[in-house]
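Colleague: No letters, just coordinates:
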């Protein structure tokens with residue numbers, strides 16, 4: 001079993017470190033199990049590096065990294081919205097059209113956050129609930145973080161808010177829907193996002209992926225998750241903390257030979 005933990009300052013450094021951990025002679029499959037990537041400043045990355053990575057992705061017919069990031073957090077739409085409530089409402093109105101785009105027929109990650117399919121009602125806006133719970137927690141609870149196993153349903157979140165238990169727990173965003181998401185591969189690879197508030201009023205996030213393709217998805221996912229975390233923190237009147245991404249199975253996919261110049265810092269990639 002090949003596993004690793006990396007901790008770096010920004011998205012670029014964390015992604016490069018994770019890829020290099022997978023690209024080893026003693027790991028011919030370039031895969032890892034239960035990998036952990038921790039990013040101290042998840043809203044920062046190297047724009048020159050990102051442009052180089054995008055150049056190769058475009059040549060191979062892959063989506064730009066900004067497009068990947070927007071499936072987790074639609075930054076442009078958020079910038080034009082007055083707050084989380086308006087953002088969620090506008091996205092829900094757009095969601096049927098978004099799901100008609102290639103690859104989106106089962107939904108998007110942000111769609112699951114603002115329109116989670118629930119048995120008891122049409123859908124649940126998890127984003128607004130999480131922001132409210134963090135505000136409540138920051139207002140006076142002595143509990144710094146919640147600890148949970150993803151056996152929860154969205155109804156559990158509602159019940160906790162009604163009883164005041166929200167002040168004593170962390171905040172969860174569910175993506176995987178039991179009984180609905182039965183595909184072995186594909187959406188949703190992200191299963192769960194858990195947020196904790198520390199005593200310095202910083203919100204930290206831990207994301208759990210069942211699998212992560214490092215070239216095709218991971219960099220864009222890191223960007224989107226970091227922006228989502230920063231937005232939630234800002235809307236709750238708190239500071240953005242660290243992002244930790246755990247993958248049950250990670251793979252360095254793509255044209256590894258062409259990637260290595262960037263991974264080793266030796267120059268531009270050959271397209």
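Modeller: Noted; the coordinates are in hand. Quick caveat: nothing in here was measured; it's all calculated off a predicted structure.
Colleague: from here on, contacts and neighbour counts on C-alpha atoms
Modeller: Noted.
Colleague: how about stretch 22-39: buried residues?
Modeller: Neighbour-count burial for stretch 22-39 flags 22-23, 30-39 (criterion: 16 or more other C-alpha atoms under 10 Å).
Colleague: any idea of the mean pLDDT in that stretch?
Modeller: Across stretch 22-39, pLDDT averages out at 97.
Colleague: Name the member of the buried residues of stretch 22-39 with the shortest distance to residue 78.
Modeller: Comparing the buried residues of stretch 22-39 against residue 78 with C-alpha to C-alpha picks out residue 39 as the nearest, at 22.8 Å.
Colleague: Using TSV, lay out the buried residues of stretch 22-39 together with distance to residue 132.
Modeller: Formatted as TSV, the buried residues of stretch 22-39 follow (distance: C-alpha to C-alpha, whole Å):
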residue	distance to residue 132
22	39
23	42
30	41
31	39
32	36
33	35
34	31
35	31
36	28
37	28
38	26
39	25
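Colleague: Quick check: the farthest pair among the residues you listed?
Modeller: So, the buried residues of stretch 22-39 by C-alpha to C-alpha: farthest apart are 30 and 39, at 21.6 Å.
Colleague: So for stretch 60-68, mean pLDDT?
Modeller: Mean pLDDT, stretch 60-68: 95.
Colleague: Residues contacting that stretch, please?
Modeller: With C-alpha atoms under 8 Å, 6 or more residues apart in numbering as the test, stretch 60-68 has contacts from 50, 54, 57-58, 216-217, 219-221, 224.
Colleague: Format those as TSV; extra columns: neighbour count.
Modeller: Below are the contacts of stretch 60-68 laid out as TSV (neighbours: other C-alpha atoms under 10 Å):
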residue	neighbour count
50	17
54	17
57	19
58	13
216	19
217	16
219	23
220	24
221	25
224	26
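Colleague: farthest pair in those residues?
Modeller: Maximum pairwise distance among the contacts of stretch 60-68 (C-alpha to C-alpha): 18.8 Å, between 58 and 224.
Colleague: and residue 44, how far is that from residue 130?
Modeller: Computed with C-alpha to C-alpha, to the nearest Å, the distance linking residue 44 and residue 130 is 23 Å.
Colleague: Kindly apply the preceding question to residue 260 instead.
Modeller: The separation that residue 260 has from residue 130, given C-alpha to C-alpha, amounts to 40 Å.
Colleague: try residue 233
Modeller: Look at residue 233 and residue 130: by C-alpha to C-alpha, they are 10 Å apart.
Colleague: coming back round to it: give me the more crowded residue out of residue 44 and residue 130.
Modeller: residue 130 (22 against 16; other C-alpha atoms under 10 Å).
Colleague: Helices of the stretch 51-200 of the chain, start to end?
Modeller: 65-72, 75-79, 84-98, 109-114, 126-138, 154-163 (DSSP state H, counting those that start in this stretch).
Colleague: May I see those helices organised as JSON lines, with distance to residue 246 added?
Modeller: JSON lines is the format used below for the helices of the stretch 51-200 of the chain (distance: least, C-alpha to C-alpha, whole Å):
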{"stretch": "helix 65-72", "distance to residue 246": "16"}
{"stretch": "helix 75-79", "distance to residue 246": "23"}
{"stretch": "helix 84-98", "distance to residue 246": "26"}
{"stretch": "helix 109-114", "distance to residue 246": "16"}
{"stretch": "helix 126-138", "distance to residue 246": "21"}
{"stretch": "helix 154-163", "distance to residue 246": "22"}
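Colleague: Out of the ones you listed, which one sits most buried?
Modeller: Mean neighbours per residue, mean count of other C-alpha atoms under 10 Å, is largest over the helices of the stretch 51-200 of the chain for helix 109-114, with a mean of 24.
Colleague: For it, name the packing helices and strands.
Modeller: helix 65-72, helix 84-98, helix 126-138, strand 171-174 (3 or more C-alpha pairs under 8 Å, 6 or more residues apart in numbering; DSSP states H and E).
Colleague: between these, which one is nearest to residue 192?
Modeller: Comparing those by C-alpha to C-alpha, strand 171-174 comes nearest, at 5.0 Å.
Colleague: Sounds good, over and out.
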